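S.K.: model this:
(2 chains)
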Amino acid sequence: MALAGVYAATCIIDRAFKDLRAMFLGAGSAATCIADLMVEALVTEGLNREDARHRLWFVDVNGLVVRGRKDLMAHNEPYAHDHPPMEFVEAISAVKPHVLIGATGFPGTFTEQVIRTMAELNERPVIFALSNPTSRAECTAEQAYRWSEGRVVFASGSPFPRLDVSNGATWRPAQGNNVYVFPGVGLGVIGCEAKRVTEEMFLAAAHALAAEVSEENLNAGALYPPLGQIRSVSLAIATAVAEEAYRQDLAGLPRPESIREHLEGLMYNPTY
Amino acid sequence: MAVDSVFRKTFGFVSDGTRIPIVKSDDSADVTGYSRLHDPSLNKSTAFTRAERERFRLRGLLPANIGTLDVQINRVLGNLRRKASDIERYIFMVALQARNERLFYRTLIEHIEELMPIVYTPTVGQACKEFAHIFRQPRGFYVTPDDRGEMAKILRNWPHADVRVIVVTDGERILGLGDLGANGMGIPIGKLALYTACSGIPPEQCLPVQIDVGTENEEFLADPLYLGRPHKRIRGSEYFELMDEFLAAVEEVFPMALVQFEDFLTPNAYACCCGTATPICASTTTSRGPQQWPWRASTRRHA
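M.R.: Residues are numbered from 1 along each chain as shown, chains lettered A, B, ... in the order given. Got it, this is the predicted structure:
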C-alpha cells in the first residue's frame, strides 16, 4: 500500500524510484514491513540488497537507528547503518531523505520543525503519516500542507477532510487505505488457486495500483485512484497478482486464455 | 461478463459432513413464502415481480407497489442519511446485510466512498468497542478453547462448503484500540464485506472467524452483556495448540481457503502463520499503525 504510494509519488517529484532515499519514524514491525518490501522493489530495479537497505533509514524514540546501538530488535539490524547517533531532525538534515514515512502510532511526532526541514531539503517533500486512526496520525494533512508552503506530497492512513487552500482551490489529501490492495490480492490468489502468497505478488500489486493512478490524479496531488474506481482497480491488481503466480509457477489452475477475463467472470456482481 | 449472483453454484455440508452442491437460484421454487423473504441471498423484498410473488407464494406478504433495486438503494440511502450518528448507520448496514444481501452489496459498491467509513474504519472501531451492546444476531464463526479436538467437526456447521477467503482475528489488538476480545468479530465481518464489494469475492465464499481465547479487557469482563468467554486470555502453548488445530481444520474442511490474519499481536500472527510445518506465508503491512498483515494460502487442493 505504502509502496504503491511511493511509486506514485516518484512520478510527482520526478525522481526515479531506484534513486530514492527514505526515512521511517517508528522502527516497529509496520515500518519494517514497508521497508522490507521497498528493499525487494529496489532489488528488482537492479540494486543489490545491501545498497537497497542503505537507502532506508530508521528513527525510533532513541534517535537514528545506527550500528552499535544496544537497544535494537533483530528486525532493526539490517537497517542499522554505520553512522554517528543523532536525534530525529538532525538525522533528516544528515540523511536528506526524499520520503518520510511515519508508522509510530503517536500523533504530533512530525513536528513543524520536521516538516520544515523536509521542505528545505526537497522541492516536493513526500510525507506519509500512516498511523491510524486520524487522531493518531503523525501530523495532520493541514499541518503538512501549511508547514511545507503547500509543496508537500502527502498521504495518511486514515482520511483527512478536503482542505480549502488559498486562491479558492481545494486540496484533497491522499489516503493510503489498504482497501486498495487486499481485495485485489485476494481475488488474484483465489482466482488462480495460488499455493502461496509471496512478496513478489505484493510487489506486483503495488505496481498495478500505481499504474491505475492517472496523470490527472497525480496533478491533483492524489497518489491513489479515486475510491469509486475500486472494482476496476481491484481487477487490475488481481490480474497482476495472478500473472505473478503463474510466473512463479504457484498457480493451481491451468492458465486461462485471458487472466483478466477469467477473474472478471468470477466477480460477484449483485443484481436481481 | 460477470456472473450474476443467482446462478452461482456453491456447496454445503450435510449432517455426516459430506459436501453437497447447492444451486441457489432465483428460478428455484424450493424456498417460498416467509422463508424466501428471510433468506438474505434470495430476498428481493419489495422488488419481487408479480410473477415471482405468484410463484414463490409471496402474494399478500408484500405491499403492492413493485420496486426496483435502484428504488431500494435510494430508500437505503435516505434511511442512512437521516440517522444521527455513524454507529447508527453501521447498525443499519449490518441489519441490511442480514436482510437483503444483494441490496446491501449493490448499495455499498455504488456508494463506496460514503459507506466504506461506515462498514469499515473508522466506524468499525467504535462498533467493536460497543459490539456486545449493539448486537442483533450472530454472524461469522466463533472458535473457543472448548472446541479443542472437534474443530473440523464444528467448522462443518458453517452453511457454505466452498470457502475461499477467511479473515481471522483473536481480538487482541483491534485497530489502535487494544484488546477487545470477542468484540473483535466486527473486523473480520467488515473486512470481508469489503472483499466482496471491492473485488467481488462472492459472499458465500467468505468466512469471518473470531478466535475467542478470552480477554484482558477488565471493562468487558465486568460487563454482563459481554458476548465472549468472560475469562482472561489463554496464553503460551495452550494458545498455539488451539491456533494450530484451527488452521489444520481449515486445511481439512476448507482446503481452498486463503487465510488472512488480522489484528493479532504481531508475534502471535507470525508464529501461527509461519510456524507451521510448511512455512507458507508472505507478509506485508497494512498502512495502519504498528501492524502487520500475514497471509496464508492453503497448500492442499481438493480435486
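S.K.: now do the helices in the stretch 51-200 of chain A.
M.R.: According to DSSP state H, counting those that start in this stretch, the stretch 51-200 of chain A carries its helices in the segments A:88-95, A:112-121, A:141-147, A:182-191, A:199-211.
S.K.: reformat the ones you listed as JSON lines; add mean pLDDT, mean neighbour count and distance to chain B.
M.R.: All C-beta atoms are positioned from the backbone trio N, CA, C, and that covers glycine. Output for the helices of the stretch 51-200 of chain A, formatted as JSON lines (pLDDT from 0 to 100; neighbours: other Cβ atoms under 10 Å in any protein chain shown; distance: least, Cβ to the nearest Cβ, whole Å):
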{"stretch": "helix A:88-95", "mean pLDDT": "97", "mean neighbour count": "18", "distance to chain B": "18"}
{"stretch": "helix A:112-121", "mean pLDDT": "97", "mean neighbour count": "18", "distance to chain B": "19"}
{"stretch": "helix A:141-147", "mean pLDDT": "94", "mean neighbour count": "22", "distance to chain B": "15"}
{"stretch": "helix A:182-191", "mean pLDDT": "95", "mean neighbour count": "28", "distance to chain B": "3"}
{"stretch": "helix A:199-211", "mean pLDDT": "92", "mean neighbour count": "23", "distance to chain B": "5"}
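S.K.: tabulate these (CSV), appending distance to A:C33.
M.R.: Below are the helices of the stretch 51-200 of chain A laid out as CSV (distance: least, Cβ to Cβ, whole Å):
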stretch, distance to A:C33
helix A:88-95, 21
helix A:112-121, 22
helix A:141-147, 23
helix A:182-191, 14
helix A:199-211, 10
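S.K.: pLDDT below threshold where in the stretch 101-250 of chain B?
M.R.: Scanning the stretch 101-250 of chain B for pLDDT under 70 picks out nothing.
S.K.: interface residues of it facing chain A?
M.R.: Taking Cβ under 8 Å from any Cβ of the partner chain as the test, the list of the stretch 101-250 of chain B residues beside chain A reads B:101-103, B:105-106, B:109, B:112-113, B:116-117, B:120-122, B:125, B:164-165, B:175-176, B:191, B:194-203, B:205.
S.K.: which members of those residues occur in helices, if any?
M.R.: For these, membership in helices holds for B:101-103, B:105-106, B:109, B:112-113, B:116-117, B:125, B:191, B:194-199, with DSSP state H as the criterion.
S.K.: please spell out the PyMOL selection for the buried subset of the residues you listed.
M.R.: What follows is the PyMOL syntax selecting those of those that are buried according to 16 or more other Cβ atoms under 10 Å in any protein chain shown:
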select buried, chain B and resi 101+102+103+105+106+109+112+116+117+125+191+194+195+196+197+198+199
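S.K.: which parts of the stretch 1-150 of chain A are strands?
M.R.: Shown for the stretch 1-150 of chain A, the strands assigned by DSSP state E, counting those that start in this stretch span residues A:22-25, A:56-60, A:63-64, A:99-102, A:126-129.
S.K.: those into a markdown table, with extra columns for distance to B:D86 and mean pLDDT?
M.R.: Listed next are the strands of the stretch 1-150 of chain A as a markdown table, based on distance: least, Cβ to Cβ, whole Å; pLDDT from 0 to 100:
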| stretch | distance to B:D86 | mean pLDDT |
| --- | --- | --- |
| strand A:22-25 | 30 | 96 |
| strand A:56-60 | 34 | 96 |
| strand A:63-64 | 40 | 96 |
| strand A:99-102 | 26 | 96 |
| strand A:126-129 | 22 | 94 |
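S.K.: how about those strands, which one is nearest chain B?
M.R.: Proximity to chain B, assessed across the strands of the stretch 1-150 of chain A by Cβ to the nearest Cβ, is greatest for strand A:126-129 (8.0 Å).
S.K.: which strands and helices lie in contact with that closest one?
M.R.: Taking 3 or more Cβ pairs under 8 Å, 6 or more residues apart in numbering or on different chains; DSSP states H and E as contact, the helices and strands that strand A:126-129 lies on are helix A:2-13, strand A:99-102, strand A:153-156.
S.K.: of the ones you listed, which is nearest chain B?
M.R.: Set against chain B and scored by Cβ to the nearest Cβ, the helices and strands packed on strand A:126-129 come closest in helix A:2-13, at 5.4 Å.
S.K.: hmm, back to that, relative to A:E261, which of the helices and strands packed on strand A:126-129 is closest?
M.R.: Minimum separation from A:E261 across the helices and strands packed on strand A:126-129 (Cβ to Cβ) falls at helix A:2-13, 24.1 Å.
S.K.: other SSEs contacting the closest one?
M.R.: Applying 3+ Cβ pairs under 8 Å, 6+ apart, one finds that helix A:2-13 makes contact with helix A:29-44, strand A:99-102, strand A:126-129, strand A:153-156, helix A:199-211, helix A:215-219.
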